[in-house]
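J.: Pasting a predicted model and its sequence here:
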Amino acid sequence: MKIYFCDVKKAYCLLFNNYIIRSAFQAIVDVDGHIIGYEALARIWLKDSGLVVRPDVFFSIFKNNDESRDLLFLINRLHLCSYRSSKFFKKHHKIFLNLTPDFFELLSDSPRTIVEINKMLKEFDIPLTNVVAEVTESSAVCEGKLARGVKLISEYGYILALDDYGDEASDFERYKMCHPEIVKISRDFFLSHKASGSYIIFKTLIDAFKGYGSKVLVEGIELQDDYKVLLSLGVDYFQGFFFHKPECVSPCVLVKGSVA
């Protein structure tokens with residue numbers, strides 16, 4: 001399980017068992033269409049066949065696996081390597097990293113983990129205040145440890161986001177526990193309200209989040225009409241194919257030379 005650099009394609013990739021993992025980045029924009037940052041996403045292939053593996057399938061295979069925490073940590077290191085050397089990097093842009101509840105539970109048990117993360121950011125010359133830690137929607141083993149880990153990372157100056165609000169365990173109780181600067185509403189949650197033909201409850205929720213001091217982002221926007229509706233409802237940030245499809249740094253498939 002190592003990160004490699006491809007001299008030919010000038011890109012980083014992670015080799016894990018029979019998988020090749022690369023970083024892709026998707027822009028997040030404000031109400032004026034200006035890019036505020038990028039979400040880092042994993043793109044996965046089978047090394048032998050070249051077949052694409054869906055990220056949700058891949059991560060479900062290794063969920064609760066003994067290697068899962070190390071793997072997720074290394075994937076985020078890959079994202080930082082790739083981001084820092086890419087055209088996407090700007091000093092004023094944010095990078096959004098997905099962090100599972102068990103990562104925050106680990107922080108609660110081992111607070112010095114944050115020191116190692118800070119060292120990694122310093123290595124890549126990325127200010128920690130430009131890192132958005134997204135709490136993913138999966139369930140926590142211990143909500144108390146999750147809360148302590150979230151509090152710790154916030155105290156160090158990281159921006160906190162709640163990912164995929166409306167899916168799985170990403171609900172209002174978790175929102176109140178996290179007190180995130182940004183709440184990311186899932187595409188499915190938005191589409192369910194769109195299908196109902198009324199945005200009254202959806203608008204009430206947006207107003208509640210903003211009343212608590214959070215910025216609101218809606219994910220998975222593909223249509224201009226949806227963008228216009230969300231603008232009228234007071235949404236702050238937007239993400240989806242309508243603005244930018246996830247983009248890898250380069251079409252790297254070769255693996256050459258260990259770097260991390």
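T.: That came through fine. Because the structure is predicted, anything quoted here is derived from the model rather than measured.
J.: Not including adjacent chain positions, what is the nearest residue to T129?
T.: Excluding the flanking residues, the one nearest T129 by C-beta to C-beta, 6 or more residues apart in numbering is G157, at 5.4 Å. Heads up, the C-betas are built off the backbone N, CA and C, glycines and all.
J.: Can you list the low-confidence ranges for the protein?
T.: Applying pLDDT under 70 to the chain flags the ranges 8-9, 63-66, 250-260.
J.: rerun that using 80 as the cut-off
T.: Of all residues in the chain, those with pLDDT under 80 make up the ranges 1, 6-10, 62-69, 249-260.
J.: Contacts for the longest helix seen in the chain next, please.
T.: In the chain, ranked by residue count with DSSP state H as the criterion, the top helix is helix 68-84. Residues outside helix 68-84 that contact it (C-beta atoms under 8 Å, 6 or more residues apart in numbering): 1, 3, 11-14, 16, 21-23, 25, 38, 40, 42, 62, 65, 89, 95, 97-100, 102-103, 106, 120-121, 124-126, 249, 259-260.
J.: change it to 6 Å
T.: Outside helix 68-84, the residues that touch it by C-beta atoms under 6 Å, 6 or more residues apart in numbering are 3, 12, 14, 23, 40, 42, 62, 89, 95, 97, 124, 249.
J.: Next, K215: phi, psi?
T.: Here the main-chain torsion angles of K215 (degrees, to the nearest 10) amount to phi -80, psi 150.
J.: do the same with the one 10 residues further on
T.: Reported as degrees, to the nearest 10, the phi and psi values for D225 are phi -60, psi -40.
J.: what's the burial count for it?
T.: Residue neighbour count, defined by other C-beta atoms under 10 Å, stands at 10 for D225.
J.: Please apply the same query to the one 3 residues further on.
T.: Other residues near K228 number 10, with proximity taken as other C-beta under 10 Å.
J.: Return the distance of it relative to F238.
T.: 11 Å (C-beta to C-beta, to the nearest Å).
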